[in-house]
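Enquirer: dropping a prediction and its sequence here:
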There are 4 protein chains.
Amino acid sequence: MTLRFGLIGTGRIGQVHAANIAASDETELAWIADPFIDGARQVAARFGGTVTEDAEELLTSGGIDAVLVASPTPTHVDLIARAVELGLPVLCEKPIDLDIRRVDALRETVRTSDVPVALGFNRRFDPAFAAVRARVDAGEIGALEQLTIISRDPAAPPASYIAVSGGIFRDMTIHDFDMARFFLPEIVEVSATGTASFDEGARDHGDFDTAVVTLRAASGAIVTIINSRHSATGYDQRLEAFGARGSLSVANAPTSLVSLSTADAVEAKPPYQDFFLERYERAYCEELHEFVKLARGEASTSPSFEDGRAALLLADAAQQSAASHAAVAVDLTA
Amino acid sequence: MTLRFGLIGTGRIGQVHAANIAASDETELAWIADPFIDGARQVAARFGGTVTEDAEELLTSGGIDAVLVASPTPTHVDLIARAVELGLPVLCEKPIDLDIRRVDALRETVRTSDVPVALGFNRRFDPAFAAVRARVDAGEIGALEQLTIISRDPAAPPASYIAVSGGIFRDMTIHDFDMARFFLPEIVEVSATGTASFDEGARDHGDFDTAVVTLRAASGAIVTIINSRHSATGYDQRLEAFGARGSLSVANAPTSLVSLSTADAVEAKPPYQDFFLERYERAYCEELHEFVKLARGEASTSPSFEDGRAALLLADAAQQSAASHAAVAVDLTA
Amino acid sequence: MTLRFGLIGTGRIGQVHAANIAASDETELAWIADPFIDGARQVAARFGGTVTEDAEELLTSGGIDAVLVASPTPTHVDLIARAVELGLPVLCEKPIDLDIRRVDALRETVRTSDVPVALGFNRRFDPAFAAVRARVDAGEIGALEQLTIISRDPAAPPASYIAVSGGIFRDMTIHDFDMARFFLPEIVEVSATGTASFDEGARDHGDFDTAVVTLRAASGAIVTIINSRHSATGYDQRLEAFGARGSLSVANAPTSLVSLSTADAVEAKPPYQDFFLERYERAYCEELHEFVKLARGEASTSPSFEDGRAALLLADAAQQSAASHAAVAVDLTA
Amino acid sequence: MTLRFGLIGTGRIGQVHAANIAASDETELAWIADPFIDGARQVAARFGGTVTEDAEELLTSGGIDAVLVASPTPTHVDLIARAVELGLPVLCEKPIDLDIRRVDALRETVRTSDVPVALGFNRRFDPAFAAVRARVDAGEIGALEQLTIISRDPAAPPASYIAVSGGIFRDMTIHDFDMARFFLPEIVEVSATGTASFDEGARDHGDFDTAVVTLRAASGAIVTIINSRHSATGYDQRLEAFGARGSLSVANAPTSLVSLSTADAVEAKPPYQDFFLERYERAYCEELHEFVKLARGEASTSPSFEDGRAALLLADAAQQSAASHAAVAVDLTA
């Protein structure tokens, strides 16, 4: 039986989910809600579904089996709460909220409910990162001692986006915090350094465009996250898991198999893929597939509400560390 | 307006075309013919279309705008002839036929007709090979002096396939002959050497499993084609265009961005993609797209009937050269 | 005219310098001092020179034009002081001392003297690192925003070495501190995290075997140093300079041009070079060559006494930061 | 006891040998002969040795234990003959001669003598090629089925050199013929294609600047040699040994560990090493070392006079094949 989805939000990421829901045999796009009704209509025209301006209508329509929340961050907490109340499994885009207090207010509800809530940390489902995790777990490189994540966006977002983003740690690094926890769930300390090197928007809003974060895991392993809001070569997404017996590395995704060799330079390749929609195309499909299993009560690797909260806690700690120039201890198990 | 396709043949390659025809906004799978009617039915169940055991019924149904011929090679000539007679644009899988006399018998009909006939040399549409061709044409490496094509299948086909294949040159190298002509249309001489190193099927049928072909172009450029019927590392598809100012190379397609480094070996990657359906997935889509333009009378880069004939002439010359241990002059312009 | 060298210390690194001094047309190995006289004799047997147990005899022999100090760290300060007093240019292995107070006590003497004093930060002379520095300076990647240094030794030293090493930051990271300053001389803040993951010796002596250090430069650029006392794949020495217009990277040195591709893994290469003597072989020659220019009063890029002091200050700050879990501000200009 | 060498010829390659003879503990440069006496004197000034214009004086001086022949090709046969007569082991640069009849006239003398005669096929001693051979022999890739050698010089030699070179096959491909025989000694058939694409000198002297040669081995394995007299990217020296279980490849030698990534191209490296003196520096040392063993009557891998003759036979066959446009059968065992 196909899982009928209600999609809330039809921006860039909502459209990706709509296409994947429509393309899969397991799922069906049944309802689409967006106050910007034209967006909803355009999605419905391509992938089917009933449209509404009102998410509540979608949630109470009776025509859906699960909810995909891709609306703006400030709406996430209330939508998750309502979906849980209505017994609808929900896959929510990250972050849960920019304010940990609002997240914590919802936490008990989610924890005591049987309704599955998953967070959209898509990178866990990237075939490369997933393979490295599986191979680390299988002991291929021995004990994991260092994890290095290089994560740079192609270009800084507009200042208007920066203004409401919650800052680089909550907006961008949050993916890397979750990736760190994908390998090392128990992070116990966060140190962060940030600077506004090139982006006016970041500077004007007291944000950083360049940051380095160091995490300590309970195991003693150390994670390093290197971020930038721009990258001339395209989306820069690398990872190295270093252990006692060797290392597993994820390279950037080539856009071409072609290389050029001349008297000036040899083996030169075209720049990397532009951004996350291309780089993580397959990850979004896998993410959906795992959520379907979760919604059906099957074993699933979907990141949980707790994973979403943990990433936000780490982002908050990073923000505090960058401001105080001191490491911040965290307790994700509390 | 969508182009309604009649698909003849629902084997491995027919299924690829069916999926692409169904997936594109430009095209529609209207009719499907296969004497093995279950094959046709399975394709119809997934992608739609009316099924028939009889290609003639499909051709004269009035419900199609173009024909895609993916049936066994011996049927190609008659199906092309009939499609042309009925005024239906046709995209035919390679080769036109194993017998150049049958091809030549059809040649005048195709030449004097206005009905577009295209050959399924899909590799021309691979983004990497197409990019190298475009960059060579743009003068990026100066005059093209040497073209080296390495083309190895993952594993030898069954002996029963070898028996009717027409031999390695007409069955496998034919793609490389067309690739050579993609860069250097006017080939004037063919030298070939073949051996049966490992495959019983090849040995039993007087065929080769390993071959090297050298082509001379009218420009003086030399093409080298290196073939094997097996490759432990997966489908091996490489090309190097070498010119006065440098070279452009196509590498094998990685199946993963992950590499492992240990005390035994560093930067080790998983094997390459298994075979042509994966490696040339995008090429098949592009091929279809270009054929749609051709069928609509628009400018198109589809390989022509003449390209199909030229590749077969080169294959025949290679066969003759391998047997006679002498170079064979060819005139593709006649 | 050749520069006659007095070499003090004939351990592993002293032997490298002896060989280079003997091999160059510019230099001559005139005197060799080591209380372990057999070591001195063996060096003299291979490369010439008069031997003595007593460094003072070497310094006052009148037969040398310059001094190369490769004796144990605790002897460095006194030997530099004496060489300066005697007017002998001195190239001293890093570090100047493990105690910044002893370095500072010598500082004024060196500063007010005309006698050239150089520190043996050999990595500055590695062709790859030097090329990246030159290209960054030439503006090839725009403003330098992030510098990432991965520096891992093949295997942890014996516990007895750890005991007197001054700790990982003063012993091992000190090279990376200098490399950071090679690109960004004005470091203003140091954050460090360390752990003892695998090495008993480190654990027993309160030292770290794994560390990550973050440096902030006056320019706003951020440096990340990733260290480990072991590396299964061999000596791991990489660097990435990331700027507004792209990045320049230094890869590990391959030990072979050969790669193996099989059904299990493709493009697998042999492990990297074992250790610094191989990896930095050319760097030691260049270092000597630059010091000869310095000793002759010519323009030279030899790292100075002040560079040696700055690296130690950064190491001290890292030690303090790792202990206090807080960033430490530094003023290298004082 | 050191082996005292008489060096005949002090051109580019003679100077390489002189330096290696002088640098090794096993060997000594005792005599140097060159009619161009200034060349001999310059070599003697750097590396020692008595000079003479007359090779005969060197050979009969009584002061040498072995001869290294690096004089022009036409002198090789007589010098080898004389050295053998005098009982002096001889290492002769390739080729023995351009005329197989002169080689054959000398053959019986060498065959029936106990005096070791070695040919300077230096590439066998390159660590990468030697490693691939050893690993192929060890069965790492199963039975060897295809060997592909890409060998391109950086730039065409002057027309005056071409005029006396004996043609591309005898002058340049001869190294590749020997490399082929390093893996597959028994070659039974040669096919060659050549063209003069870009070089006036080649065109004027009826020579080729571009060539492809196919060899068949008795085992059934096929060798492909791809040659060009120019290469914009530097000296292009690659090899792929392909077998039933995988392949072993030799890549070009990087001149730097640095790569540049920008918005235009990523991972771009500097061009390859310029020419054979750099690329095969270590090979020349190993070649000398093996010859010393041969001269001392120890087990040695030095290529023999017969290897030199075989390479010339293959070159002659290639010349004939390129002219006749037909394969040429060869019998290297006769």
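Expert: Yep, that arrived. Residues are numbered from 1 along each chain as shown, chains lettered A, B, ... in the order given.

Enquirer: and the nearest residue to A:A326 once chain neighbours are set aside, what are its phi and psi?
Expert: Nearest non-adjacent residue to A:A326, counting by Cβ to Cβ, 6 or more residues apart in numbering or on different chains: C:A326, 3.9 Å away. From N, CA and C alone the C-beta is placed, and that goes for glycine too. Main-chain dihedrals, C:A326, degrees, to the nearest 10: phi -150, psi 150.

Enquirer: A:S321 is in contact with C:A326, correct?
Expert: No - using Cβ atoms under 8 Å, C:A326 is not in contact with A:S321; the gap is 9.4 Å.

Enquirer: who's more crowded, those two?
Expert: A:S321 (26 against 15; other Cβ atoms under 10 Å in any protein chain shown).

Enquirer: which positions in chain A make contact with chain B?
Expert: Residues of chain A found near chain B (Cβ under 8 Å from any Cβ of the partner chain) are A:127-128, A:131-132, A:135, A:140-141, A:245-254, A:256-263.

Enquirer: take the residues you listed and keep only those in helices.
Expert: A:127-128, A:131-132, A:135 (DSSP state H).

Enquirer: ok, of the residues you listed, which come out buried?
Expert: Buried members of these, counted by 16 or more other Cβ atoms under 10 Å in any protein chain shown: A:128, A:131-132.

Enquirer: how is chain A divided into domains?
Expert: With domains defined by automatic domain parsing, chain A comprises A:3-115, A:123-329.

Enquirer: now those domains in a markdown table, with mean pLDDT and distance to D:F5?
Expert: Listed next are the domains of chain A as a markdown table, based on pLDDT from 0 to 100; distance: least, Cβ to Cβ, whole Å:
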| stretch | mean pLDDT | distance to D:F5 |
| --- | --- | --- |
| domain A:3-115 | 97 | 73 |
| domain A:123-329 | 96 | 38 |
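
Enquirer: closest to D:D209 out of those domains?
Expert: Distance to D:D209, taken as Cβ to Cβ, is lowest for domain A:123-329 among the domains of chain A, at 17.7 Å.

Enquirer: end to end, how far does that closest one reach?
Expert: 26 Å (Cα to Cα, to the nearest Å).

Enquirer: any idea how far A:T60 lies from B:I32?
Expert: Applying Cβ to Cβ, to the nearest Å, the value for A:T60 to B:I32 is 44 Å.

Enquirer: give me the more crowded residue out of those two.
Expert: Neighbours per residue, other Cβ under 10 Å: of A:T60 and B:I32, the larger number sits with B:I32, 29 against 14.

Enquirer: am I right that that one is in contact with B:L58?
Expert: Yes - B:I32 lies in contact with B:L58 (Cβ under 8 Å); the separation is 7.5 Å.

Enquirer: in the stretch 101-250 of chain A, which residue sits closest to chain B?
Expert: Nearest to chain B, among the residues of the stretch 101-250 of chain A, is A:G246, at 3.5 Å (Cβ to the nearest Cβ).

Enquirer: who are the contact partners of the closest residue to that residue other than its chain neighbours?
Expert: Computed as Cβ to Cβ, 6+ apart, the closest residue to A:G246 that is not its neighbour in sequence is B:T262, at 3.5 Å. By Cβ atoms under 8 Å, 6 or more residues apart in numbering or on different chains, B:T262 lies in contact with A:141, A:245-246, C:232-233, C:271.

Enquirer: stretch A:197-207 near chain C at all?
Expert: Yes - using Cβ under 8 Å from any Cβ, stretch A:197-207 reaches chain C at A:197-198.

Enquirer: dump that stretch to CSV, restricted to CA.
Expert: Extracted in CSV, the C-alpha atoms of stretch A:197-207 (Å, rounded to 0.1, in the frame of the first residue of the first chain):
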residue,chain,number,x,y,z
SER,A,197,36.1,37.3,6.1
PHE,A,198,34.3,38.2,2.9
ASP,A,199,30.5,38.4,3.3
GLU,A,200,28.9,41.7,4.1
GLY,A,201,25.7,40.0,5.1
ALA,A,202,27.4,38.0,7.8
ARG,A,203,29.3,41.0,9.0
ASP,A,204,26.2,43.2,9.2
HIS,A,205,24.3,40.6,11.2
GLY,A,206,27.1,39.6,13.6
ASP,A,207,27.4,36.3,11.9
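
Enquirer: quick revisit: from the ones in helices among the residues of chain A next to chain B, pick the one nearest C:D25.
Expert: Using Cβ to Cβ, those come closest to C:D25 at A:V132, 51.1 Å.

Enquirer: give the contact list for that closest one.
Expert: By Cβ under 8 Å, 6+ apart, the contact set of A:V132 is A:239, A:241, A:248-250, B:258.

Enquirer: repeat that for 7 Å
Expert: A:V132 sits next to A:239, A:241, A:248, A:250, B:258 when contact means Cβ atoms under 7 Å, 6 or more residues apart in numbering or on different chains.

Enquirer: now A:E28
Expert: Residues in contact with A:E28 (Cβ under 7 Å, 6+ apart) are A:2, A:4-5, A:21.

Enquirer: change it to 6 Å
Expert: Counting by Cβ atoms under 6 Å, 6 or more residues apart in numbering or on different chains, A:E28 makes contact with A:2, A:4.

Enquirer: check A:V258 too.
Expert: Applying Cβ under 6 Å, 6+ apart to A:V258 gives the contacts B:128, B:131-132, B:250.
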